[in-house]
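**Student:** quick one: sequence plus predicted model below, questions after.
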There are 2 protein chains.
Amino acid sequence: MNVTKKIGRPRAFDYNTALLQAMAVFWEKGYDGASMRDLTGAMGITGPSLYAAFGDKRGLYLKTIDYYCSADACTPLVALEGEEDIEKALRAFLSEIIRSATEHESGATGCFLASSVVASVGQVDGVAERVEAAIADTEHRLAARFEREIEKGTLDPDFPAKSRAALLFDIRQGYMFKGRAGWSSERMLEEVDSRVEMLLSA
Amino acid sequence: MNVTKKIGRPRAFDYNTALLQAMAVFWEKGYDGASMRDLTGAMGITGPSLYAAFGDKRGLYLKTIDYYCSADACTPLVALEGEEDIEKALRAFLSEIIRSATEHESGATGCFLASSVVASVGQVDGVAERVEAAIADTEHRLAARFEREIEKGTLDPDFPAKSRAALLFDIRQGYMFKGRAGWSSERMLEEVDSRVEMLLSA
DNA sequence: ATCATTATGTAACGATCAGTACATATAGGA
DNA sequence: TCCTATATGTACTGATCGTTACATAATGAT
């Protein structure tokens, strides 16, 4: 790919790395609890650099949410969609949910949206729409995975895909809440098999 | 009851009313997002009065959480425990969850713990223990209700009470998240019957 | 009437907040 | 070499933060 040369002083930091650092701070401390001092410290840049690259605190926050929705939050869904056997797919999904709720590389627990961002709904413009879109997208993909099994004949034609997708979403919420509360992944993994069985029952 | 007279200037405000007002502010804006100005304004008292009665901002916050856990959060559980027929009990529980997630008298949506307090786990001392205790207590009471049905013979002796209690808890988490995201109660009530059926299935 | 105790209100403290003005630095293009 | 454009760092702005000192008020007890 042809990299166009850009006039002006080159940026001294990596935009995506800084964004990830900011996300970790927001995830841990929340929007209001994260000060510009916290953010610039973690990102390794100064205030003017942050404002030039990301806009303002709110703009940065919304970008971290968008990043999370397009990256971290998709990892369990990708695991579900990438596994051909539906039982294994559900286990992979739940295992990945539990892993990210307890052992995320940022050190933060739970889910960025469900354990942190949700508290700022109604407080920070742009958040509610993103949370609503994330729910819709996630449930849509979960339902699509069940529908794919119906098409394969593995599940009955009258299998309630949307209902089970919504239930799977709730199970995800439960795990994220418990992850934030400090539960170990071992403790949460105990019920996975019986839940998979129930999710696929007629 | 013999009310002992108390020397000193009588308090000019009602402690419990003020506590409820404070809870509404914390629920809506979170711990960091709620300023002392927000709190004193909603409570109708001045700073020194707040400090004299509640300690400090953190002490007030923890008291609102304790209040929520002993009052609001119990309403759905009381509905579950108070209904003799298990199907009706589950419907009453879920309906009350949905109602409080969308139409709480404070105007705040979702659940105070799951949609607001959870963001301050790790940030405010005393929060994580309270959240952990709330999960344990809720799941215990949910399991006890299923066990009561086993004893009555309505449910099989090998009915997985604890598993179903944990699942019911997750369903609760899903509704609370969606409530905060702005979903209507109608939308959430759609699935209640099928979920009750699944929760009681063998 | 006075005292002890508790509560309230005003004003202020020391600290931190989000964001920016301005000088300087670093690149590519002419 | 000079110009234009973009980035960075220092210092600062105006505002708000959580909390408290101190004067005053309101009660019951003596």
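**Tutor:** Thanks, I have it.

**Student:** show me the contacts for residue A:165.
**Tutor:** Listed by Cβ atoms under 8 Å, 6 or more residues apart in numbering or on different chains, the contact set of residue A:165 reads A:139, A:140, A:142, A:143, A:145, A:146. C-beta coordinates here come from the backbone N, C-alpha and C atoms, glycine included.

**Student:** right, I mislabeled it, should have said residue A:159
**Tutor:** With contact set as Cβ under 8 Å, 6+ apart, residue A:159 has these partners: A:146, A:149, A:150, A:202.

**Student:** give me that answer again for 6 Å
**Tutor:** The contact partners of residue A:159, by Cβ atoms under 6 Å, 6 or more residues apart in numbering or on different chains, come to residue A:150.

**Student:** report pLDDT for it.
**Tutor:** As predicted, residue A:159 sits at a pLDDT of 97.

**Student:** and the gap between it and residue B:84?
**Tutor:** As judged by Cβ to Cβ, to the nearest Å, residue A:159 and residue B:84 stand 33 Å apart.

**Student:** buried residues in the lengthiest helix in chain A?
**Tutor:** Secondary structure of chain A per DSSP state H: the longest helix is helix A:127-152. For helix A:127-152, the neighbour count (16 or more other Cβ atoms under 10 Å in any protein chain shown) marks A:127-128, A:130-131, A:134-135, A:138-139, A:141-143, A:145-146, A:148-149 as buried.

**Student:** immediately after that helix, which helix or strand?
**Tutor:** Next helix or strand after helix A:127-152 toward the C-terminus (DSSP states H and E): helix A:161-181.

**Student:** helix or strand right after that next one?
**Tutor:** Downstream of helix A:161-181 (by DSSP H and E), the next one is helix A:185-189.

**Student:** which helices and strands sit right next to that next one?
**Tutor:** For helix A:185-189, the elements it packs on are helix A:86-103, judged by 3 or more Cβ pairs under 6 Å, 6 or more residues apart in numbering or on different chains; DSSP states H and E.

**Student:** so is whatever helix or strand residue A:37 lives in next to DNA strand C?
**Tutor:** Per DSSP H and E, residue A:37 falls inside helix A:36-43. Yes. Helix A:36-43 reaches DNA strand C (Cβ under 7 Å from any atom of the strand) through A:36, A:37, A:38.

**Student:** got a winner among those residues for most neighbours?
**Tutor:** Greatest neighbour count in those, by other Cβ atoms under 10 Å in any protein chain shown, goes to residue A:38: 15 neighbours.

**Student:** and the pLDDT at that residue?
**Tutor:** Note for residue A:38: predicted pLDDT of 97.

**Student:** and residue A:3, by the same measure?
**Tutor:** On pLDDT, residue A:3 comes in at 61.

**Student:** list the contacts for residue A:34?
**Tutor:** Residue A:34 makes contacts with A:25, A:26, as judged by Cβ under 6 Å, 6+ apart.

**Student:** again, only this time at 8 Å
**Tutor:** Residue A:34 makes contact with A:25, A:26, A:28 under the criterion Cβ under 8 Å, 6+ apart.

**Student:** residue A:107 is in contact with the last one, correct?
**Tutor:** Looking back up the chat, that one is residue A:28. Yes. At 7.4 Å, residue A:28 counts as touching residue A:107 under the criterion of Cβ atoms under 8 Å.

**Student:** who has more neighbours, these two?
**Tutor:** Taking other Cβ under 10 Å, residue A:28 and residue A:107 do not tie; residue A:28 has more neighbours (22 against 9).

**Student:** using the three-state scheme, assign that one.
**Tutor:** Put simply, residue A:28 is helix when judged by DSSP: H, G, I helix; E, B strand; the rest coil.

**Student:** if we can go back for a sec, could you export the helix holding residue A:37 as PDB, CA atoms only?
**Tutor:** C-alpha atoms of helix A:36-43 as PDB (Å, rounded to 0.1, in the frame of the first residue of the first chain):
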ATOM      1  CA  MET A  36      -7.400  14.200  32.200                       C
ATOM      2  CA  ARG A  37      -4.400  13.700  34.400                       C
ATOM      3  CA  ASP A  38      -5.100   9.900  34.600                       C
ATOM      4  CA  LEU A  39      -5.700   9.700  30.900                       C
ATOM      5  CA  THR A  40      -2.700  11.700  29.700                       C
ATOM      6  CA  GLY A  41      -0.500   9.800  32.200                       C
ATOM      7  CA  ALA A  42      -1.700   6.400  30.900                       C
ATOM      8  CA  MET A  43      -1.500   7.500  27.300                       C
END
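
**Student:** so what touches that helix?
**Tutor:** Defining contact as Cβ under 8 Å, 6+ apart, one finds that helix A:36-43 is touched by A:13, A:18, A:21-22, A:24-25, A:29, A:46-47, A:49-50, A:57, A:60.

**Student:** domain ranges for chain A?
**Tutor:** A:15-64, A:71-200 (automatic domain parsing).

**Student:** in contact with the closest residue to residue A:176 other than its chain neighbours, which residues are there?
**Tutor:** Distances taken as Cβ to Cβ, 6 or more residues apart in numbering or on different chains put residue A:111 closest to residue A:176, at 3.9 Å, once the chain neighbours are dropped. Shown in contact with residue A:111 (Cβ under 8 Å, 6+ apart): A:73, A:100, A:101, A:172, A:176, A:179, A:180.

**Student:** could you dump these to a markdown table with pLDDT and neighbour count?
**Tutor:** Converted to a markdown table, these look like this (pLDDT from 0 to 100; neighbours: other Cβ atoms under 10 Å in any protein chain shown):
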| residue | pLDDT | neighbour count |
| --- | --- | --- |
| A:73 | 92 | 19 |
| A:100 | 95 | 24 |
| A:101 | 96 | 27 |
| A:172 | 98 | 24 |
| A:176 | 97 | 27 |
| A:179 | 97 | 26 |
| A:180 | 96 | 25 |
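
**Student:** list just the nearest of these to residue B:191.
**Tutor:** Nearest to residue B:191 out of the contacts of residue A:111 is residue A:172 (Cβ to Cβ; 15.7 Å).

**Student:** for that closest one, what are its contacts?
**Tutor:** Counting by Cβ under 8 Å, 6+ apart, residue A:172 has contacts A:76, A:97, A:111, A:138.

**Student:** go again with 6 Å.
**Tutor:** Contacts of residue A:172 were listed using Cβ under 6 Å, 6+ apart, and they are residue A:97.
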